[in-house]
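>>> got a sequence here, can you build the structure:
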Amino acid sequence: MSSSPQLYANRRIPRFRLTETTPAVLKFQNGLRTTGELHVISRSGGLLLLPAPVHQGCVVELMFHTHRGAVLGTAEMLVPVTSTQQPFRFVALPESDQRRLQTAFQSGLYRNIDEEERIEELRAAVANWNPSPPRRRFAAKLVMGLVALVGCLVCAVCIHLFQR
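Numbers count the residues shown, from 1 in each chain. Sure, this is the predicted structure:
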């Protein structure tokens, strides 16, 4: 088993929201199991919907299915977000499962949350965009043009007068 991919220092790993219900099984070190639903996934971890939160720091074997096959890795449970949502990070994920997960991401069946966030930011920017009225720009260009024209006329008159 290889360790999970390291996070880039200045770039967040893309996260994907699952479009279909994806059951997940957590197997604890004492042999007990619980089921949940995988809601968000990335190469480094994800977000589970669970009936009850799992103790933070607990290391579990996590199994779920993608349309490209089963993924089985070791995960550390992180601080619960709500009473039913709990993030996790992969602490070990075999290369074959990493490839299977990457292939699933590239298939286009998962929605990239980062892209969705960028789209929403662009929509908000467009909604708040308030360009200056065209009349002001037109009037400023007209004034600049007239000043340039007058300047050219003055130069032409001066050149004509000095040639005599």
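
>>> tell me the average confidence for whichever strand or helix holds residue 127?
Assigned by DSSP states H and E, residue 127 falls within helix 113-128. For helix 113-128, mean pLDDT is 62.

>>> cool, stretch 24-41 as well?
What stretch 24-41 shows for mean pLDDT is 93.

>>> going forward, the N-terminal residue is numbered 31.
Okay, residue one is now 31; in that scheme the one you just asked about reads as stretch 54-71.

>>> alpha carbons of it, as CSV, please.
Only the C-alpha atoms of stretch 54-71 are listed here, as CSV (Å, rounded to 0.1, in the frame of the first residue of the first chain):
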residue,chain,number,x,y,z
ALA,A,54,-19.8,3.1,2.2
VAL,A,55,-18.8,0.6,4.9
LEU,A,56,-16.4,1.5,7.7
LYS,A,57,-14.6,-1.3,9.5
PHE,A,58,-13.1,-0.4,12.9
GLN,A,59,-10.0,-1.9,14.3
ASN,A,60,-12.1,-3.9,16.8
GLY,A,61,-14.0,-5.6,13.9
LEU,A,62,-17.2,-3.6,14.3
ARG,A,63,-18.7,-2.1,11.2
THR,A,64,-21.0,0.7,10.3
THR,A,65,-22.5,1.9,7.1
GLY,A,66,-22.9,5.4,5.7
GLU,A,67,-23.1,7.2,2.5
LEU,A,68,-20.2,8.8,0.6
HIS,A,69,-21.1,12.4,-0.3
VAL,A,70,-17.9,14.1,-1.5
ILE,A,71,-14.6,12.5,-2.5
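
>>> could I get the buried residue list for the lengthiest strand in the chain?
In the chain, taking DSSP state E as the definition, the longest strand is strand 46-57. With burial defined by 16 or more other Cβ atoms under 10 Å, the residues of strand 46-57 counted as buried are 46, 48, 52, 54, 56. C-beta: built from backbone N, CA, C; applies to glycine.
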